[in-house]
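1. The amino acid sequence is not available; the structure is as follows:
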């Protein structure tokens, strides 16, 4: 593939990803185009700030996320880090804090 074509495709795909459009590309195909899926970094400070922003206790926050109270405590203290889908959910909540409001009404 010519470099200019690859660059044009990579730029277009990156633009689609940036605006949230789902693409059919595999992780390998994205790497070939030079597109890296950014790692999610959630610090203990981020988690505590998010919980405070939502104005909920650790216990309520844990119920909203469907995790144990102990997990939330350990995350906020920096003893453990959230993993997998929970890390993605926390990232989404940082961008859209109202995302789980429906869980408070149940």
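-> All right, it came through fine. Just so it is clear, the structure is predicted and the values come from calculations on it, not from any experiment. Residues are numbered from 1 along each chain as shown.

2. Would you mind measuring from residue 104 to residue 63?
-> Separation of residue 104 from residue 63 (Cβ to Cβ, to the nearest Å): 9 Å. C-beta here means a position set from N, CA and C on the backbone, and glycine is covered the same way.

3. which of the two has more neighbours?
-> residue 63 (18 against 11; other Cβ atoms under 10 Å).

4. Now do the helices in the chain.
-> In the chain, the segments counted as helices under DSSP state H are 3-18, 27-32, 44-54, 58-65, 69-77, 84-95, 101-105.

5. now the ones you listed in TSV, with distance to residue 38?
-> Listed next are the helices of the chain as TSV, based on distance: least, Cβ to Cβ, whole Å:
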stretch	distance to residue 38
helix 3-18	10
helix 27-32	11
helix 44-54	15
helix 58-65	22
helix 69-77	20
helix 84-95	10
helix 101-105	27
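
6. Now render the ones you listed as a markdown table, adding mean pLDDT.
-> Formatted as a markdown table, these follow (pLDDT from 0 to 100):
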| stretch | mean pLDDT |
| --- | --- |
| helix 3-18 | 85 |
| helix 27-32 | 86 |
| helix 44-54 | 95 |
| helix 58-65 | 94 |
| helix 69-77 | 97 |
| helix 84-95 | 91 |
| helix 101-105 | 78 |
